[in-house]
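K.L.:
sequence first, then the predicted structure:
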Amino acid sequence: MIGYHTSTNASTIAFLGLTLIVGCTGGRGPIEEPRTEHPAPIEQIDEGGEVTPQKTPREQETIVGLQCIAAAYGDFIREIRNEHESARAVVVMNDGTEIRWEDGVEGKTFEQLLNEPDLRDQMSMSYPLGRRSEAPGINDDPGRIRVERFFKSIYGADKQAVNDNLVTVNWMPKHSGGKLRFNKLNGAAQALRAVSSQLDDGLAKDLLKYVNPTAGTFNWRKIAGTARLSVHSFALAVDINLEHSDYWRWTKKKDPSLPYRNKIPFEIVEVFEEHGFIWGGKWYHFDTMHFEYRPELLHPLCVRGASGLKTEAN
Ligand SMILES: [Zn+2]
């Protein structure tokens, strides 16, 4: 294993020979404070942070993945260190939760990736930014793999804790979109407000029906047919108008071959993506009403096609 040292400095973490920017830079009070850098520009990584050719592909993947996680969630990460025995990376959250980058289990099935992921799995399917004409490949579901403990540590460990972190977002007030409850932490609610005002001001009249009315944000619940918490449990996702949406389970009932379906225009998708939201319409298991705040997957180093990463689903 290559050598690296760790630092517990509040603002930087040295890992695998590079410096990741994490930790509180100015202190975060009880009131809502948006992230100012979103996502953090690559320039924040110091000169030593270049992925150099002598690193193995696996090491490069680790570095890039952790960079994207640190840039998106750095205010909630205390340090990234190596496990004593295995020298594998461990992300230590501010609340003391320790989450391993890789759990050592190789060759997970698709169901295992969803049910027992590590952080590496969470980053393993890169998200394709922008307009796509082709349907997603089989089981290509970038963003559906989520380490639950990671999100609990950041946004609230249970229903009450999340509830305490909610603020109101006036959804498209010029079009009477109503009030949405969204998580104030890590800039999530602020990102939704930015989406709202951009749609409110700029969306073509004939497209308004897709985003107004909306169909829900906060709902502490398991995903239907699974033991996993929906990301709606953390108030990090918004469902837009059900009436114009497609969901893989509905389609599969009518046609077991699960043909791809979508009616949501890309004009809407692009506004959400610009502000850190991924779209469920880019999943093989499509959920076209669903937009979810996942800045780590939209970091320039980690979107599909970025250098040093796998480009397809595994
Ligand atoms: Zn949803």
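P.N.:
Sure thing, it's come through. This structure is a prediction, so every number in the text was calculated from the model and none was measured. Numbering: from 1, shown residues only.
K.L.:
and the protein, which of its residues are near the ion?
P.N.:
Contact residues (Cβ under 5 Å from the ion) of the chain with the ion: 237, 239, 290. C-betas here are computed from N, CA, C, even on glycine.
K.L.:
which residues touch residue 245?
P.N.:
215, 239, 263, 264, 287, 288, 289 (Cβ atoms under 8 Å, 6 or more residues apart in numbering).
K.L.:
in the stretch 1-150 of the chain, where is pLDDT below threshold?
P.N.:
Counting by pLDDT under 70, the stretch 1-150 of the chain shows low-confidence ranges at 1-53.
K.L.:
which residues in it form strands?
P.N.:
Ranges of strands in the stretch 1-150 of the chain, per DSSP state E, counting those that start in this stretch, are 12-15, 18-21, 77-82, 89-93, 98-100.
K.L.:
show me what the third one is packed up against.
P.N.:
In terms of contacts (3 or more Cβ pairs under 8 Å, 6 or more residues apart in numbering; DSSP states H and E), strand 77-82 is packed against strand 12-15, helix 57-73, strand 89-93.
K.L.:
now the stretch 151-300 of the chain against the ion: closest residue?
P.N.:
residue 290 (3.4 Å; Cβ to the ion).
K.L.:
mind checking the backbone torsions on that residue?
P.N.:
phi -100, psi 120 (degrees, to the nearest 10).
K.L.:
check the gap between it and residue 235 for me.
P.N.:
14 Å (Cβ to Cβ, to the nearest Å).
K.L.:
what count of nearby residues applies to residue 70?
P.N.:
25 (other Cβ atoms under 10 Å).
K.L.:
now swap in residue 114 and tell me
P.N.:
Neighbours of residue 114 using other Cβ under 10 Å come to 19.
K.L.:
any chance you could list what contacts stretch 251-269?
P.N.:
130-131, 135-136, 199, 203-204, 207, 210-211, 240, 244-246, 248, 279, 281, 284, 286, 288-289.
K.L.:
likewise for stretch 91-111?
P.N.:
By Cβ under 8 Å, 6+ apart, stretch 91-111 touches 62, 65-66, 69, 75-81, 83, 86, 88-90, 112, 116-121, 139, 147, 149-150, 152-154.
K.L.:
in the stretch 201-314 of the chain, which spans are strands?
P.N.:
So, for the stretch 201-314 of the chain - with DSSP E, counting those that start in this stretch - the strands run 237-239, 277-279, 290-293.
K.L.:
how is the protein partitioned into domains?
P.N.:
Using automatic domain parsing, the domain parsing of the chain gives 12-122, 148-298.
K.L.:
can I get those domains in TSV with distance to residue 306?
P.N.:
Below are the domains of the chain laid out as TSV (distance: least, Cβ to Cβ, whole Å):
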stretch	distance to residue 306
domain 12-122	8
domain 148-298	11
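K.L.:
now residue 111: how far from residue 117?
P.N.:
Distance, residue 111 to residue 117, by Cβ to Cβ: 11 Å.
K.L.:
between the two, which one's more packed in?
P.N.:
For residue 111 versus residue 117, the count of surrounding residues by other Cβ under 10 Å is larger for residue 117: 22 against 10.
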